[in-house]
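Okay, here's the prediction I keep looking at, along with the sequence it came from:
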Amino acid sequence: MILRNADRMMALLDYSPFEFIMNSNDDEFESLGSFVHRTFNSVDLAYFLKALRHIYRNKGGLRKYLRP
């Protein structure tokens, strides 16, 4: 189920998540459809993608947050 939903999410992001996040606007994030994985839904996905875009654009990427 996890792999199937991960593939569905990747399909929504055109199998290029970084490019999708960096080149999409908020409206495109909001219109991702009815994605649901357990308690994680399309509203959560849109918020998560906006947060990732903010980190990449304004904070220098994820590397500094994932390494000690």
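Cool, got the structure. Numbers count the residues shown, from 1 in each chain.

quick one: the strands in this protein?
Using DSSP state E, the strands of the chain run over 36-37, 40-41.

Dump those strands into TSV; add mean neighbour count and mean pLDDT as well.
C-beta: built from backbone N, CA, C; applies to glycine. TSV is the format used below for the strands of the chain (neighbours: other Cβ atoms under 10 Å; pLDDT from 0 to 100):
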stretch	mean neighbour count	mean pLDDT
strand 36-37	14	88
strand 40-41	12	88
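
Just give the nearest non-adjacent residue to the residue nearest the centre of the chain, would you?
For the chain, the residue nearest the mean C-alpha position is Leu49 (3.5 Å; Cα atoms, centre = their mean). Excluding its sequence neighbours, the residue lying closest to Leu49 (Cβ to Cβ, 6 or more residues apart in numbering) is Phe29, at 5.0 Å.

and the strands of the chain as JSON lines, adding distance to Tyr65?
As requested, the strands of the chain are arranged in JSON lines below (distance: least, Cβ to Cβ, whole Å):
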{"stretch": "strand 36-37", "distance to Tyr65": "23"}
{"stretch": "strand 40-41", "distance to Tyr65": "20"}
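
quick one, what contacts Phe35?
Asn5, Arg8, Met9, Leu12, Asn41, Ser42, Leu45 (Cβ atoms under 8 Å, 6 or more residues apart in numbering).

just for this structure, where's the confidence low?
Flagging of the chain using pLDDT under 70 yields the residue ranges 68.

can you give me the helices in it?
For the chain, the helices defined by DSSP state H cover 2-12, 17-23, 26-30, 42-58, 63-66.

For Val36, which of those is the nearest?
With Cβ to Cβ as the criterion, Val36 lies closest to helix 42-58 of the helices of the chain, at 7.1 Å.
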